[in-house]
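**Q** Show me how the following folds:
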Amino acid sequence: MQRSTIKAWFLVHKWTSLICTLFLLLLCITGLPLIFGEEIDHLLEPHAEQTASPGPARDYDEQVKTALAQYPGNVPLFVGWDPEANTMYVNTGERADTPPPQMKTALLDSSSGAVVPAAQFNEGVMYFILRLHTDLFLGLPGMLFMGAMGLLFAVAIISGLVLYGPFMRRQRFGTLRTGRSRRLAWLDLHNVIGVVTLGWALVVGITGAINTIAKPLESAWQSEQLGEFAARYAGQPRPTTLASLQAAVDTARAAEPEMRPAFVSFPGTGYSGDHHYGVFMQGNTPLTERLYRPVLIDAVSGELTAQPQLPTYMSVLLLSQPLHFGDYGKLPLKILWALLDLLTIAVLVSGLYLWFKRGSTEARVTEIERAEKTGGAA
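**A** Numbers count the residues shown, from 1 in each chain. Here you go, the predicted model:
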């Protein structure tokens, strides 16, 4: 590369790295326990697995009544199932558009209907870590900001590969030149670990950025597809007396016999309009269980209204969410994700050390230029 090109890439790498490093450290540190979020929840709240009893599922309408008895005055918002624990959750709120942080959740044994002791999903240490990781407790602006940091991280990785890739190819993999200077040894360590984590870091950074625009994507989907069905009910008030939830789920099962119900949204929650149950079906394999197929059931008549296909951007979002935390391969993949997370922390810390030991921009560009031409020290 020409000197001007090297300098341009160096400045891109320097400033994208500096701007995002502290936030990336926060993301890596908070992301570590989130990788094992399910396992941590089971350790902190083992009651679900100990209490749930095998047997045929209890009528869903009766389950909802039991949940509402726990929170008098609330209305049902979402119900969902954990087939592994044989439990059913019911999210409730004071009104249909209650935001998630204000929802109350009842966890029930799917067979007996007994209330299972469990912490609220929007309380506790893990919820605090999740909010810190996703939006810094700032809502959508915080999510978009963290997404921008993820994109800067991807640019920093690519620019670092452009700068140091030619030099690294001339060295034996894992070479650490410890006999010349401490800064040089740290630089080699930074580059080697960076190469090891390159693919993973790009995947996690990009999927993390995609996840931060989940709310705008969901809003676009609701306006685009659900708006079409909502227009048919223009001028009609939201129904106060609803058809049987059990019958709605049974209708959805019959419409999608190769899938199983994951959760149901009640009218007014934003996921199925003001006049429908949204029965979201999922596949039965580790991959297809991440992809949902909504089945809209008229909330008054109980009849099937539509089975809209999720747009491509929603499928990309749904696939990127578990990939970000390594949820596809159960515990072995999560352990690998955690190790790569720790290595990425080492890359970030070594990058900060190199910045504190920096020379002038011109001196660094000269060193990189010499290294790329001769294979000497960078």
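**Q** And the strand or helix carrying A156, what's buried?
**A** Assigned by DSSP states H and E, A156 falls within helix 140-169. Buried residues in helix 140-169, counting neighbours by 16 or more other Cβ atoms under 10 Å, are found at 142-144, 146-147, 149-164, 167-168. (C-beta placed from N, C-alpha, C; glycine too.)
**Q** can you give me how far stretch 267-280 is from the chain middle?
**A** Average the C-alpha atoms of stretch 267-280, do the same for its chain, and the two points are 23 Å apart (Cα atoms, centre = their mean, to the nearest Å).
**Q** meant to ask about stretch 133-153, not that
**A** Its chain's C-alpha centre and that of stretch 133-153 lie 12 Å apart, by Cα atoms, centre = their mean.
**Q** Tabulate the CA atom coordinates of that stretch in PDB.
**A** As requested, the backbone C-alpha atoms of stretch 133-153 are provided in PDB (Å, rounded to 0.1, in the frame of the first residue of the first chain):
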ATOM      1  CA  HIS A 133     -25.800  -4.800  28.000                       C
ATOM      2  CA  THR A 134     -28.500  -3.900  25.600                       C
ATOM      3  CA  ASP A 135     -29.500  -0.200  26.200                       C
ATOM      4  CA  LEU A 136     -27.700   1.300  29.200                       C
ATOM      5  CA  PHE A 137     -31.200   1.800  30.700                       C
ATOM      6  CA  LEU A 138     -31.800   4.400  28.000                       C
ATOM      7  CA  GLY A 139     -34.400   2.500  26.000                       C
ATOM      8  CA  LEU A 140     -34.200   2.800  22.200                       C
ATOM      9  CA  PRO A 141     -31.600   5.600  22.100                       C
ATOM     10  CA  GLY A 142     -29.300   3.400  24.200                       C
ATOM     11  CA  MET A 143     -29.900   0.400  22.000                       C
ATOM     12  CA  LEU A 144     -29.000   2.300  18.900                       C
ATOM     13  CA  PHE A 145     -25.900   3.800  20.500                       C
ATOM     14  CA  MET A 146     -24.700   0.400  21.500                       C
ATOM     15  CA  GLY A 147     -25.400  -0.900  18.000                       C
ATOM     16  CA  ALA A 148     -23.300   1.900  16.600                       C
ATOM     17  CA  MET A 149     -20.500   0.800  18.900                       C
ATOM     18  CA  GLY A 150     -20.800  -2.700  17.500                       C
ATOM     19  CA  LEU A 151     -20.500  -1.400  13.900                       C
ATOM     20  CA  LEU A 152     -17.400   0.600  14.900                       C
ATOM     21  CA  PHE A 153     -16.000  -2.500  16.400                       C
END
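**Q** secondary structure element for the residue nearest to V162 when sequence neighbours are not counted?
**A** What sits nearest to V162 in space, not counting adjacent residues and going by Cβ to Cβ, 6 or more residues apart in numbering, is W9, at 5.2 Å. W9 is part of helix 3-35, with elements assigned from DSSP H and E.
**Q** Show me what that helix is packed up against.
**A** Contacts defined by 3 or more Cβ pairs under 8 Å, 6 or more residues apart in numbering; DSSP states H and E place helix 3-35 against helix 125-134, helix 140-169, helix 312-325, helix 330-356, helix 361-374.
**Q** please redo it, this time with the cut-off set to 7 Å
**A** Where contact means 3 or more Cβ pairs under 7 Å, 6 or more residues apart in numbering; DSSP states H and E, helix 3-35 is packed against helix 125-134, helix 140-169, helix 330-356, helix 361-374.
**Q** In TSV: these, plus distance to A85 and mean pLDDT.
**A** Shown next, in TSV, are these (distance: least, Cβ to Cβ, whole Å; pLDDT from 0 to 100):
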stretch	distance to A85	mean pLDDT
helix 125-134	17	92
helix 140-169	29	87
helix 330-356	15	91
helix 361-374	55	71
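**Q** follow-up on the earlier one: which residues are in contact with the residue nearest to V162?
**A** With Cβ atoms under 7 Å, 6 or more residues apart in numbering as the criterion, the residues that contact W9 are S159, V162, L163.
**Q** Nearest to S17, out of these: which one, please.
**A** The shortest gap between S17 and any of the contacts of W9 belongs to S159, at 8.3 Å (Cβ to Cβ).
**Q** Count the neighbours of the nearest residue to that closest one once chain neighbours are set aside for me.
**A** In space, not counting the residues next to it along the chain, S159 is nearest to H13; the distance is 3.8 Å by Cβ to Cβ, 6+ apart. Applying other Cβ atoms under 10 Å, we find 22 residues neighbouring H13.
**Q** State the distance from H13 to I368.
**A** Relative to I368, H13 is positioned 10 Å away (Cβ to Cβ, to the nearest Å).
**Q** got it, and L161?
**A** Applying Cβ to Cβ, the value for L161 to I368 is 13 Å.
**Q** for R95, same thing?
**A** The separation that R95 has from I368, given Cβ to Cβ, amounts to 60 Å.
**Q** Who has more neighbours out of those two?
**A** Between R95 and I368, counted using other Cβ under 10 Å, the more crowded position is I368 (22 against 10).
**Q** Am I right that the more buried one is in contact with L163?
**A** Yes. The pair I368 and L163 passes the contact test of Cβ atoms under 7 Å, sitting 5.9 Å apart.
**Q** Identify the contacts common to the two.
**A** Among the neighbours of I368, those also in contact with L163 (Cβ under 7 Å, 6+ apart) are F10.
**Q** who touches both of H13 and I368?
**A** When contacts are counted by Cβ under 7 Å, 6+ apart, H13 and I368 have L163 as shared neighbours.
**Q** If you drop the residues flanking it in sequence, what lies closest to the spatially most central residue of the chain?
**A** In the chain, the residue lying closest to the centroid (Cα atoms, centre = their mean) is Q321, at 3.7 Å. Of all residues not flanking Q321 in the chain, N211 sits nearest, at 5.7 Å (Cβ to Cβ, 6+ apart).
**Q** again with V295
**A** Leaving aside its chain neighbours, V295 sits nearest to A252 (4.0 Å; criterion: Cβ to Cβ, 6+ apart).
**Q** That'll do, ta.
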